[in-house]
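Undergrad: the amino acid sequence is not available; the structure is as follows:
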């Protein structure tokens, strides 16, 4: 029976569905976050597993295990780098009362150069008269830091189990990836047009996510090395920690870049001098501008064809649902959603709304893969980049 729904009713139903799905994602975040991370990791490691299977002539299972071991090795390197940076930072904290006072005087002098009027009201030259000095000394020299580290170590087993769960999900997806893809296609029926759309959507999602994660990782490492060298040359006290912070936070577009640039500027301002802080700010802004507007578009192309408004709103939305993990997963998830919208009939305009630039004349990915030329002899297909090519 056909039911004619008014526009208000349709909007209400769509809003209810959206709220229901959001509630489901929030309540089931302990399940969905490892699953999404496993899917992303499997997408990245799939070419490596195929390479080991074809070149090294390994059975499928051992090729997948080898790819997992490579990712585990890289994870251990990042964990060790983070642990070393944190330990060196803690070692750099002043130990004696005189060291704390000397550090306070240097900070007070640097801020006085930048703000010659009014600093002495809340940062007096004498440390014994400063409430800020006493609060900082009590926090860093007291038991709060030890308690935070103890709480972090207490949750180590939880993090280890989380990593093991993600790696097992990734392993199963790598082993059964082809079979799962065929089953997903079969869900939508035998129609060739529908199956072509499903195949195109899966291919676009895989290619865009893989391109983004691989090249984003490479670019982040290069950024960390270059900025770490600059921070070290500028005599920043915790240059190694800020370099690692750039590598990690650059996965979060816009917001992560801003967050990664604040600590080194404050480091230079407080522990070096205001002129160096301005220099660090200028160099950092120049490097991330060149990276964001020249290097990334040139290397990644349209692998993440999302406009800036979509990216910001997606980061806020997924952070609200899944916390910090949502910030890092926002870009790949939205790219997958856009790919699905571009292949579902009637949803194309939503996919174009998420895309960057004008998309009125952009061919849908795979939309014409089953369409013959006018003369019936030359099939037309659209590649992953949206470029239309003619078949032989």
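TA: Nice, I can see it. These numbers come from a predicted model, not from an experiment.

Undergrad: what sits against residue 330?
TA: If you count contacts by C-beta atoms under 8 Å, 6 or more residues apart in numbering, residue 330 has them with 252, 311, 314-315, 317-319. Placement of C-beta: from N, CA and C, glycine included.

Undergrad: okay, and it sits in which element?
TA: In the assignment (DSSP states H and E), residue 330 maps to helix 324-343.

Undergrad: distance from the chain centre to whichever helix or strand comes after that helix, please.
TA: Counting by DSSP H and E, the next helix or strand C-terminal to helix 324-343 is helix 348-354. How far helix 348-354 lies from its chain's middle: 22 Å, per C-alpha atoms, centre = their mean, to the nearest Å.

Undergrad: helices or strands up against helix 348-354?
TA: helix 324-343 (3 or more C-beta pairs under 8 Å, 6 or more residues apart in numbering; DSSP states H and E).

Undergrad: what's the closest non-adjacent residue to residue 274?
TA: residue 114 (4.2 Å; C-beta to C-beta, 6 or more residues apart in numbering).

Undergrad: pretty sure residue 85 contacts residue 240?
TA: Yes - taking contacts as C-beta atoms under 8 Å, residue 85 lies within contact range of residue 240: 5.2 Å.

Undergrad: show me where this protein has strands.
TA: Under the criterion DSSP state E, the chain carries strands at the ranges 380-382, 388-390.

Undergrad: got the contact list for stretch 282-302?
TA: Stretch 282-302 is contacted by residues 211-212, 215-216, 219, 223, 226-227, 230, 257, 261, 264-265, 385-386 when judged by C-beta under 8 Å, 6+ apart.

Undergrad: restricted to buried residues, select the residues you listed in ChimeraX.
TA: The buried residues among those can be selected in ChimeraX (16 or more other C-beta atoms under 10 Å) with this line:
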select :211,212,215,216,219,223,227,230,257,261,264,265,386
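
Undergrad: now, the contacts of stretch 282-302 that are in helices?
TA: Mapping those onto helices (DSSP state H) picks out 211-212, 215-216, 219, 223, 226-227, 230, 257, 261, 264-265.

Undergrad: list the contacts of the closest residue to residue 50 other than its chain neighbours.
TA: Counting by C-beta to C-beta, 6+ apart, residue 50 lies nearest to residue 63, which is 7.4 Å off, once chain neighbours are set aside. Residue 63 makes contact with 49-50, 52-53, 56, according to C-beta under 8 Å, 6+ apart.

Undergrad: equivalent analysis for residue 138, please.
TA: Under the criterion of C-beta under 8 Å, 6+ apart, residue 138 has no neighbours.

Undergrad: what about it, distance to residue 150?
TA: Distance of residue 138 to residue 150, computed by C-beta to C-beta, to the nearest Å: 18 Å.

Undergrad: one more: residue 69?
TA: 31 Å.

Undergrad: report the buried members of the contacts of residue 63.
TA: Here, 16+ other C-beta under 10 Å leaves 49-50, 52-53 buried among these.

Undergrad: widest-spaced pair of the residues you listed?
TA: Using C-beta to C-beta, the two most remote members of those are 50 and 52, lying 7.4 Å apart.

Undergrad: so, low pLDDT: which residues of the stretch 51-200 of the chain?
TA: The stretch 51-200 of the chain contains residues with pLDDT under 70 at 141-146.

Undergrad: please apply the same query to the stretch 251-392 of the chain.
TA: Filtered on pLDDT under 70, the stretch 251-392 of the chain yields the residue ranges 300-304, 357-392.
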